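In: predicted model and sequence below, questions to follow.
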Amino acid sequence: KVTFSDFRGRRPTLRVTGPGGSVDAVAVQFQVQDEFTYMGRMPLRLGSGPKPIATVLKKVTPLRMVHAVGRAAFKSDVDNVRGVEMWEGFDRVEIEADPAAWVEADGELLGRSTRIVAEPDPRTLLVIGG
């Protein structure tokens with residue numbers, strides 16, 4: 001719902017700075033494990049392995065999101081979707097928002113923020129559920 005209504009046609013309000021330089025974006029998604037699942041039993045993989053990934057959405061349209069999810073489901077390169085940049089193996093990514101943007105982590109809404117710094121920690125714990 002969010003992709004097809006809230007982000008559709010939205011102008012970039014985020015400045016994302018990282019290994020790919022600086023990019024204006026409407027949304028950023030971080031992934032720190034090899035895969036995550038939003039489609040039931042179908043795993044979605046944004047990158048080639050267990051390293052941190054920042055997916056920067058410069059412009060969101062329903063067709064672009066269908067392409068991105070399809071590529072993630074079939075282990076293809078999401079970076080080849082127009083309007084999407086993927087930064088793999090980053091050490092630091094900074095996001096500045098004007099106005100303040102909503103922040104979510106693992107499905108939990110954390111509130112609004114004007115600045116986020118993401119720095120992966122190699123000492124994290126991998127938990128596997130059964």
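Out: Looks like it arrived, so ask away.

In: surely residue 14 touches residue 25?
Out: Yes - between residue 14 and residue 25 there is a contact under CB atoms under 8 Å: 4.6 Å. For glycine as for every other residue, the C-beta is placed from the backbone atoms N, C-alpha and C.

In: stretch 64-84: end-to-end distance?
Out: End-to-end distance of stretch 64-84 (CA to CA, to the nearest Å): 8 Å.

In: so residue 14 and residue 25 - more neighbours on which side?
Out: Neighbours were counted for residue 14 and for residue 25 using other CB atoms under 10 Å; residue 25 has more, 23 against 19.

In: where in the chain is pLDDT low?
Out: 1-9, 33-40, 42-50, 65, 67, 69-79, 124-130 (pLDDT under 70).

In: what segments of it are helices?
Out: For the chain, applying DSSP state H gives helices covering 62-73.

In: for it, what's the longest strand?
Out: Using DSSP state E, we find that the single longest strand of the chain is strand 93-105.

In: buried residues, that one. List them.
Out: 93, 95-97, 101 (16 or more other CB atoms under 10 Å).

In: who's in contact with residue 111?
Out: The contact partners of residue 111, taken as CB atoms under 8 Å, 6 or more residues apart in numbering, are 102-103.

In: please report the distance of it from residue 21.
Out: From residue 111 across to residue 21, the span is 28 Å (CB to CB, to the nearest Å).

In: how about the strands in this structure?
Out: 14-18, 21-25, 27-31, 36-39, 42-44, 53-57, 84-88, 93-105, 108-118.

In: residue 63 is nearest to which of the ones you listed?
Out: Among those, strand 84-88 comes nearest to residue 63, with 12.0 Å by CB to CB.

In: perfect, I'm done here.
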